[in-house]
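S.K.: Whatever this is, show me its structure:
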Amino acid sequence: MESPRTLITSKCLALLLLSCLGTTTRAQDEPPKLLVNAAQCLAAKNHLPRSKARTLSLGFLVDVDSYQGEKVLYVVDYMGRGRSKGMVFAIFLAQQSGRQVFNIQNNAKFVRSKDDMEGVNFVEPPLGGTWTQEHLVSAIKQIERQPNFTVSVKELLAPSPLIQCESYADRK
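M.R.: Alright, predicted model coming up:
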């Protein structure tokens with residue numbers, strides 16, 4: 001039989017563990033600021049598809065290996081239920097005058113297919129060649145193995161003044 005002290009200690013530890021797990025779960029529900037800022041730029045630059053939806057289902061991946069000396073944020077905007085189709089974006093990240101710069105450099109519309117060996121088909125292919133497509137496919141597959149986040153469309157109405165949004169579609 002356990003002593004009263006051991007029993008109290010184990011109950012306290014169990015409550016502490018449950019408390020920590022609850023905090024972790026709530027923290028994961030909140031979309032990361034980096035993702036929200038990127039989505040604000042995608043909206044500001046009119047890259048998100050028009051929709052009557054009140055929320056977006058987004059996933060993301062930060063890549064520091066593919067482009068030497070560059071940090072790329074891949075964002076997937078899932079359309080409809082599940083993760084079977086969506087838009088993928090490649091956004092280069094930088095710092096300039098104390099502001100985070102989100103430079104949207106590529107996008108593509110895709111559908112997932114179990115029939116295809118790669119499993120990703122581009123409905124609207126990205127700019128660039130095979131290398132670009134391979135990196136986008138890799139990003140899509142990695143993102144779908146991670147949690148996705150719900151972002152309210154209301155949060156996208158105006159980008160934060162702490163960020164700068166640029167796009168390949170900007171007129172020079």
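
S.K.: From the centroid of the protein, which residue is nearest?
M.R.: F60 (2.3 Å; C-alpha atoms, centre = their mean).

S.K.: Could you pull up the contacting residues of it?
M.R.: F60 sits next to P32, L34, L35, A38, L73, Y74, V75, V76, I143 when contact means C-beta atoms under 8 Å, 6 or more residues apart in numbering. All C-beta spots, glycine's among them, are computed from the backbone N, C-alpha and C.

S.K.: Name the next helix or strand downstream of whichever strand or helix holds it, please.
M.R.: Here F60, judged by DSSP states H and E, is contained in strand 55-63. Counting by DSSP H and E, the element after strand 55-63 in chain order, helix or strand, is strand 71-78.

S.K.: Not counting its own residues, what contacts whatever helix or strand comes next after that next one?
M.R.: Proceeding N to C from strand 71-78, the next assigned helix or strand is strand 85-96, under DSSP H and E. Identification of contacts with strand 85-96 by C-beta under 8 Å, 6+ apart yields 38, 41-42, 47-49, 62, 67, 70-79, 100-112, 123, 126, 132, 135-136, 139-140, 164.

S.K.: Please save the CA atoms from strand 85-96 in CSV.
M.R.: Included here for strand 85-96 are C-alpha records, laid out as CSV according to Å, rounded to 0.1, in the frame of the first residue of the first chain:
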residue,chain,number,x,y,z
LYS,A,85,-6.5,20.2,-52.8
GLY,A,86,-5.3,23.7,-52.3
MET,A,87,-2.8,26.4,-53.2
VAL,A,88,0.9,26.4,-52.3
PHE,A,89,3.0,29.5,-52.0
ALA,A,90,6.8,30.0,-51.8
ILE,A,91,7.5,33.2,-49.8
PHE,A,92,11.1,34.4,-49.2
LEU,A,93,11.7,35.9,-45.8
ALA,A,94,14.1,38.7,-45.0
GLN,A,95,14.7,41.6,-42.6
GLN,A,96,14.8,45.2,-43.9
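
S.K.: ok, and for whichever strand in the chain runs longest, which residues are buried?
M.R.: Counting by DSSP state E, the longest strand found in the chain is strand 99-112. By neighbour count on 16 or more other C-beta atoms under 10 Å, the buried set for strand 99-112 is Q100, V101, F102, N103, I104, Q105, N106, N107, A108, K109, F110, R112.

S.K.: I'd assumed L35 was in a helix, is it?
M.R.: Yes: according to DSSP: H, G, I helix; E, B strand; the rest coil, the state of L35 is that of a helix.

S.K.: who's in contact with it?
M.R.: L58, F60, V75, F149, V151.
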